[in-house]
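Visitor: Next input, structure requested:
(chains A, B and C)
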Amino acid sequence: MKKILLASTILVGTAGFAAADNANFTFSGAAYAGVAYSNLGAGTFAPEVSAEFTAGMMTTTDTGLEAGASVTVSARGLSFDDDYTTTTFGLLSEDGSSISNASVYLSGDWGKVTVTYDDDGSGAGATTTDWDVVFAYSNTWGDFSVNAYYTVAIDGATGTNGDLGVTGTYSFGDYSVYAEYDFDAWDATAAGAEHLVGVGIDATFGAFSAGVDLDYSITNSDLDWQADVAYSSGAYTIGAFVDEDDAGVNWGFDAGLTASYDLGGGVSIDGAAIHDDATDSELFKLGVSMAF
Amino acid sequence: MKKILLASTILVGTAGFAAADNANFTFSGAAYAGVAYSNLGAGTFAPEVSAEFTAGMMTTTDTGLEAGASVTVSARGLSFDDDYTTTTFGLLSEDGSSISNASVYLSGDWGKVTVTYDDDGSGAGATTTDWDVVFAYSNTWGDFSVNAYYTVAIDGATGTNGDLGVTGTYSFGDYSVYAEYDFDAWDATAAGAEHLVGVGIDATFGAFSAGVDLDYSITNSDLDWQADVAYSSGAYTIGAFVDEDDAGVNWGFDAGLTASYDLGGGVSIDGAAIHDDATDSELFKLGVSMAF
Amino acid sequence: MKKILLASTILVGTAGFAAADNANFTFSGAAYAGVAYSNLGAGTFAPEVSAEFTAGMMTTTDTGLEAGASVTVSARGLSFDDDYTTTTFGLLSEDGSSISNASVYLSGDWGKVTVTYDDDGSGAGATTTDWDVVFAYSNTWGDFSVNAYYTVAIDGATGTNGDLGVTGTYSFGDYSVYAEYDFDAWDATAAGAEHLVGVGIDATFGAFSAGVDLDYSITNSDLDWQADVAYSSGAYTIGAFVDEDDAGVNWGFDAGLTASYDLGGGVSIDGAAIHDDATDSELFKLGVSMAF
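Guide: As a prediction, this is how the structure comes out:
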């Protein structure tokens, strides 16, 4: 039997159906087309192309709270993995279409709370318990801002349930410094809880900008760090970075050079050369980025 | 060979391509974040989060007909099944992203015809014939309105092909009564056609509202019924319902309590406690609903 | 460990994040509802329904270049294959929801370059190398326009890597003529490169319009051709076509009749009767097309 006439309305809240209002929607988008070469294995030269848009939704309650959510729709495309912190760096992949994970927020004078679903949070494989939900809080008092999160999941020993962290940032003039603490409830190396601390600084000197991040695992005595510099002149920006993110203290660096020419209107020509220490390979990219 | 330059235009109708007109689009959206507890099995406490938006499209013909369609895009999320009429009540599930079934309508002085595709209509399993298309008609004459539907499918004995129904509703002052007839062409219990009739009433008395629905299967001599009441005061609404929807006449009820606080702007705080008779379990929910 | 607070920003170009601007978005949509009958096999009569919308994104650089991309979101629906050039003509299929392939363009006084990803370009099966990217160029000088393309893929002998072509079109008054050359780098019949040439003409004589296309494979000595005529009077348009697209020169034609009534506002009633020679079957369609 096909029941279609009398949908149950019992569980619908009093918020009911606000009149659909396009003014509640802010659309944004991004696209990229270019070419890249990875010398991983026998070497691969291939194009890269992507396009996506985001429907941002926002409304305001009678007492002035801001409530919102967003959904991102991504077209099918093609790209190299340019994340030098993963083991898949330099691999070409067909990117299937996708719709983002749900993210919902509520904000007011007391700060902003965001609830974000992650369909693949624990990394323990594509099981039905392979998800987590992150409750994040952020707020700003003058030059000082804080970000904190707590992670809820139903998963096993390599999961994320109970992971939490807090970051405090202080900005003054052209400088910004931060300190952070993270608690990893299920660390693989330590086979138990891991405690991590981090500090960092970002600074601007005229046309130059630079940043340094340090992360230290108290539990595993592992120091990771990253530094980057950039120089801007007119529409040009060039930059460089080094990154030591392997387990244990060593001297194998990821490193890269970036260059960008801003065409205005959200469009730029971007190039990058990236070396990954773990795979001992390089990726070279050149393309046009668009932000709508 | 890659043929891309000369796309065939032979089958394109004269409607051709209307100039894209954002005025034809009305966007709406919904989001939810909360927590819930089900005591099914060993009990599960987990967050719930969802977000979606709908692109509503409408145009008007030269003679004043209204033609429209809508597409809903849902982000990945997490939720408990709170539908006490299903066997999956109380189960937590990861909700993959989705795009809705197509629904197209045409309306005029003569009423409104809606054609809706359902990709999983027959319930006979995920086969290539597991779909149906529902042709629905609705119209209103003063205080009287009618809804009717006819279902087309290519499926077997447990399917929906030929299912049809009609509902007449009469509204007067604070009361609304309806009577309905449904024909289930492929009833599992009767192993043949099933005839069903139903009546209902909804009424409002100041801050109180109440409704009663009765559904009777003439073929299977099975009476199902449901009743609900609600009380509103300012931003608060509280409600309760009972529902007897099992096969055969019995005294095992589903039942629930709901409470809601309207924050304005389409945002409300909603809570519910629901008991399901078939699984002998309860689900408790509390969260923030947003309508954009 | 769940790292969420410090996303790497090293690889983001200087284009950064343009302020989201709804003025950069142009939405368009299409919907269809109707019925169709195919006499293939035992014959199938079924409804057809579809709905989709496209988010078109466009921005302008400081020097006046236009940069854009689009993403189309299609709802689940049901349709017969009405493409008489494929082997699946006349088959009913459930259309799952989909998001389009990425397409990105940049245009200026020098013409327009479009980069389009195709997730299933080579036809060699659903393998990880079963894609191609098409770089297309188009420009117009007065009455003369040119379209050219080059295809990049990583695939085997039946693929599309290296396919290219160019078409020149000259329009004068009510006439338009074109000539084209295509290079198929991996032709199945010739087991090598195939060279193809084509010419065509479209003309309008008052209420009548007509077109003829000729395509000739120099390598395989195969002539394919197509002709169509149409007559319009007020809101009505009727048309007919014949098409000979089989391998080798023969006299087995696909053919069809079309009729359309324009309701205005992007809505039309469309009918078609199509004969496919290869399957020796007919498809009859009648429905309402909507363009938003």
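
Visitor: what lines up beside whichever helix or strand residue A:255 is part of in the sheet?
Guide: Per DSSP states H and E: residue A:255 is located in strand A:254-264. Note on strand A:254-264: by DSSP bridges, its sheet partners are strand A:236-244 (antiparallel), strand A:267-276 (antiparallel).

Visitor: Output those strands as a markdown table; include the columns distance to residue A:74.
Guide: All C-beta spots, glycine's among them, are computed from the backbone N, C-alpha and C. Output for these, formatted as a markdown table (distance: least, Cβ to Cβ, whole Å):
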| stretch | distance to residue A:74 |
| --- | --- |
| strand A:236-244 | 26 |
| strand A:267-276 | 19 |
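
Visitor: for the ones you listed, which one ends up most surrounded?
Guide: Ranked by mean neighbour count, the strands paired with strand A:254-264 are led by strand A:267-276 with a mean of 21 (mean count of other Cβ atoms under 10 Å in any protein chain shown).

Visitor: and that strand, how far from the chain's centre?
Guide: Mean-position distance between strand A:267-276 and its chain equals 18 Å (Cα atoms, centre = their mean, to the nearest Å).

Visitor: Contacts for it, please.
Guide: A:34, A:82, A:84, A:89-90, A:253-263, A:281-291, C:11, C:13-15, C:59, C:61, C:65, C:67 (Cβ atoms under 8 Å, 6 or more residues apart in numbering or on different chains).

Visitor: Over to stretch A:281-289?
Guide: Contacts for stretch A:281-289 (Cβ under 8 Å, 6+ apart): A:30-40, A:48, A:80, A:82, A:89-90, A:267-276, C:13, C:15, C:67, C:104, C:106.

Visitor: One more: stretch A:203-220?
Guide: Identification of contacts with stretch A:203-220 by Cβ under 8 Å, 6+ apart yields A:174-176, A:187, A:189-190, A:192-202, A:222-233, A:247, C:6.

Visitor: Chain B next: which of these are close?
Guide: Checked against chain B using Cβ under 8 Å from any Cβ of the partner chain, the contacts of stretch A:203-220 give no members in range.

Visitor: What about those residues, which are in strands?
Guide: Counted as lying in strands by DSSP state E, out of the contacts of stretch A:203-220, are A:175-176, A:187, A:192-202, A:222-233.

Visitor: and these, which are buried?
Guide: For the ones in strands among the contacts of stretch A:203-220, a neighbour count by 16 or more other Cβ atoms under 10 Å in any protein chain shown gives the buried set as A:176, A:187, A:194, A:196, A:198, A:200, A:202, A:222, A:224-228, A:230, A:232.

Visitor: In stretch A:282-290, which residues are buried?
Guide: A:282, A:283, A:284, A:285, A:287, A:288, A:289, A:290.

Visitor: thinking again about what came up before, can you lay out the strands paired with strand A:254-264 as JSON lines showing mean pLDDT?
Guide: Shown next, in JSON lines, are the strands paired with strand A:254-264 (pLDDT from 0 to 100):
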{"stretch": "strand A:236-244", "mean pLDDT": "95"}
{"stretch": "strand A:267-276", "mean pLDDT": "97"}
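
Visitor: Of those strands, give the one that comes closest to residue C:243.
Guide: Nearest of the strands paired with strand A:254-264 to residue C:243, taken as Cβ to Cβ: strand A:267-276 at 42.1 Å.

Visitor: can you pull the alpha-carbon coordinates of the closest one into PDB?
Guide: Provided in PDB are the C-alpha atoms of strand A:267-276 (Å, rounded to 0.1, in the frame of the first residue of the first chain):
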ATOM      1  CA  VAL A 267      40.900  34.500  -9.800                       C
ATOM      2  CA  SER A 268      44.600  33.700  -9.500                       C
ATOM      3  CA  ILE A 269      47.300  31.800 -11.300                       C
ATOM      4  CA  ASP A 270      49.000  29.400  -8.800                       C
ATOM      5  CA  GLY A 271      52.100  27.300  -9.000                       C
ATOM      6  CA  ALA A 272      53.700  25.000  -6.500                       C
ATOM      7  CA  ALA A 273      56.700  22.600  -6.200                       C
ATOM      8  CA  ILE A 274      56.400  20.200  -3.200                       C
ATOM      9  CA  HIS A 275      58.800  17.600  -1.900                       C
ATOM     10  CA  ASP A 276      57.600  14.900   0.300                       C
END
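
Visitor: Does chain B have contacts with the helix or strand of chain A with the lowest mean pLDDT?
Guide: Least confident helix or strand, chain A: strand A:92-95 with a mean of 86, by mean pLDDT, DSSP states H and E. No. Judged by Cβ under 8 Å from any Cβ, strand A:92-95 stays clear of chain B, getting no closer than 14.5 Å.

Visitor: list the helices and strands that strand packs on?
Guide: Counting contacts by 3 or more Cβ pairs under 8 Å, 6 or more residues apart in numbering or on different chains; DSSP states H and E, strand A:92-95 packs against strand A:44-60, strand A:77-80.

Visitor: if we go to 6 Å?
Guide: Judged by 3 or more Cβ pairs under 6 Å, 6 or more residues apart in numbering or on different chains; DSSP states H and E, the packing partners of strand A:92-95 are strand A:77-80.

Visitor: Tell me which residues are up against the strand it packs on.
Guide: Contacts to strand A:77-80, defined as Cβ atoms under 6 Å, 6 or more residues apart in numbering or on different chains, come from residues A:36, A:38, A:48, A:49, A:50, A:92, A:94, A:95, A:283, C:102, C:117.

Visitor: and the residue nearest to the spatial centre of chain A, which of the three is it?
Guide: A centroid search over chain A (Cα atoms, centre = their mean) returns residue A:83, at 11.4 Å, as the residue closest to the centre. At residue A:83 the chain is in coil, as set by DSSP: H, G, I helix; E, B strand; the rest coil.

Visitor: Kindly indicate whether the closest residue to it other than its chain neighbours is helix, strand or coil.
Guide: Distances taken as Cβ to Cβ, 6 or more residues apart in numbering or on different chains place residue A:89 nearest to residue A:83, at 6.3 Å, with adjacent residues excluded. The local conformation at residue A:89, judged by three-state DSSP, is coil.

Visitor: I'd assumed residue A:40 was in contact with residue A:89.
Guide: No. Look at residue A:89 against residue A:40 with Cβ atoms under 6 Å: they stay out of range, at 7.8 Å.

Visitor: so where's the stretch 51-200 of chain A shaky on pLDDT?
Guide: A:120-129, A:155-158, A:190 (pLDDT under 70).

Visitor: What parts of it come near chain B?
Guide: Taking Cβ under 6 Å from any Cβ of the partner chain as the criterion, the stretch 51-200 of chain A approaches chain B at residues A:55, A:57, A:59-62, A:67, A:69, A:71, A:99-102, A:104, A:115, A:117, A:119, A:131, A:133, A:152.

Visitor: Please report how far residue A:167 lies from chain C.
Guide: Distance of residue A:167 to chain C, given as Cβ to the nearest Cβ, to the nearest Å: 5 Å.

Visitor: for residue A:75, same thing?
Guide: Applying Cβ to the nearest Cβ to residue A:75 and chain C gives a distance of 4 Å.

Visitor: That residue contacts residue C:100, doesn't it?
Guide: Yes. Contact criterion Cβ under 6 Å: residue A:75 and residue C:100 qualify, at 5.4 Å.

Visitor: more neighbours, the two?
Guide: Taking other Cβ atoms under 10 Å in any protein chain shown, residue A:75 and residue C:100 do not tie; residue A:75 has more neighbours (28 against 21).

Visitor: Disregarding residues adjacent in the polypeptide, which is nearest to that one?
Guide: In space, residue A:75 is closest to residue C:102, 4.0 Å off (Cβ to Cβ, 6+ apart).

Visitor: dump the residue contacts of the one you found.
Guide: A:49, A:50, A:51, A:75, A:77, C:117.

Visitor: CSV please, covering those and showing distance to residue B:26.
Guide: Below are these laid out as CSV (distance: Cβ to Cβ, whole Å):
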residue, distance to residue B:26
A:49, 31
A:50, 28
A:51, 24
A:75, 23
A:77, 29
C:117, 31
